[in-house]
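**Q** just coords:
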Ligand SMILES: [Zn+2]
Ligand SMILES: [Zn+2]
């Protein structure tokens, strides 16, 4: 998405609203297979005197794979973003900590900023629902849909402690 800031650039304090849609974005990573689509951007560009401050919101839909049951699921997306852009060739404030984003001429290309902000919305461990029960480690059935007859061989650690206590009592009684 490229915005034309020729009017905003004219005077400090000028601002202008922009709207646009973004192409679908598919991120195929080792542990994450994410598809962004129906992406819309609403933002406002303001001349701060030193640069152009662009602030707005990205909305859309996101398809993810649940980390527990491996089903695909969809979430609605709504994420804010903000970035300062400086015109190439003009002075930049010296006390900036973040890497500086430049633009050329009269237009700002927001694509990289928007993509970065979309990637930041990805959860570390996607869950199709907060209490997803995942897959049975033995037969692989989806425990959200059916309850298999496999027994979980791992004893609950709290029960294991109780078992040891009972053994101790047994010895004392003898
Ligand atoms: Zn799930
Ligand atoms: Zn099972």
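**A** Alright, I've got the coordinates. All values reported here derive from a predicted model rather than from experimental measurement. Ligands and ions are numbered 1, 2, ... in the order given.
**Q** Give me the three-state assignment for residue 56.
**A** Here residue 56 is recorded as strand under DSSP: H, G, I helix; E, B strand; the rest coil.
**Q** Tell me how far the residue positioned nearest the centre of the chain lies from residue 39.
**A** The residue lying closest to the centre of the chain (C-alpha atoms, centre = their mean) is residue 121, at 1.4 Å. Distance from residue 121 to residue 39, counting by C-beta to C-beta, to the nearest Å: 11 Å. Placement of C-beta: from N, CA and C, glycine included.
**Q** residues near the residue nearest to residue 20 when sequence neighbours are not counted, how many?
**A** Leaving out its chain neighbours, the residue that sits closest to residue 20 by C-beta to C-beta, 6 or more residues apart in numbering is residue 1, at 4.5 Å. If you count neighbours by other C-beta atoms under 10 Å, residue 1 ends up with 18.
**Q** Number of residues surrounding residue 34?
**A** When counting by other C-beta under 10 Å, one arrives at 19 neighbours for residue 34.
**Q** Could you report the pLDDT at it?
**A** Note on residue 34: pLDDT of 95.
**Q** burial of the closest residue to it other than its chain neighbours, as a residue count?
**A** With C-beta to C-beta, 6+ apart as the criterion, residue 34 has its nearest non-adjacent residue at 4.6 Å, and that residue is residue 27. Counted with other C-beta under 10 Å, the neighbours of residue 27 add up to 14.
**Q** Residue 27 touches residue 119, doesn't it?
**A** Yes. Counting by C-beta atoms under 8 Å, residue 27 does reach residue 119; the two are 7.0 Å apart.
**Q** Can you give me the end-to-end span of stretch 85-96?
**A** 12 Å (C-alpha to C-alpha, to the nearest Å).
**Q** so who does residue 109 touch?
**A** Taking C-beta atoms under 8 Å, 6 or more residues apart in numbering, we find residue 109 in contact with 1-2, 103.
**Q** Which members of those occur in helices, if any?
**A** For the contacts of residue 109, not one is inside helices, with DSSP state H as the criterion.
**Q** Just put the residues you listed in TSV and tack on distance to ligand 1 and pLDDT.
**A** Formatted as TSV, the contacts of residue 109 follow (distance: C-beta to the ion, whole Å; pLDDT from 0 to 100):
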residue	distance to ligand 1	pLDDT
1	33	94
2	39	96
103	42	94
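**Q** List just the nearest of the residues you listed to residue 10.
**A** Residue 10 lies nearest to residue 103 out of these, by C-beta to C-beta, at 15.2 Å.
**Q** what are the bridge partners for that closest one, then?
**A** Under the criterion DSSP bridges, residue 103 forms beta bridges with residue 87.
**Q** Make sure it is actually in contact with residue 85.
**A** Yes. In this structure, residue 103 is within contact of residue 85 by C-beta under 8 Å, at 4.8 Å.
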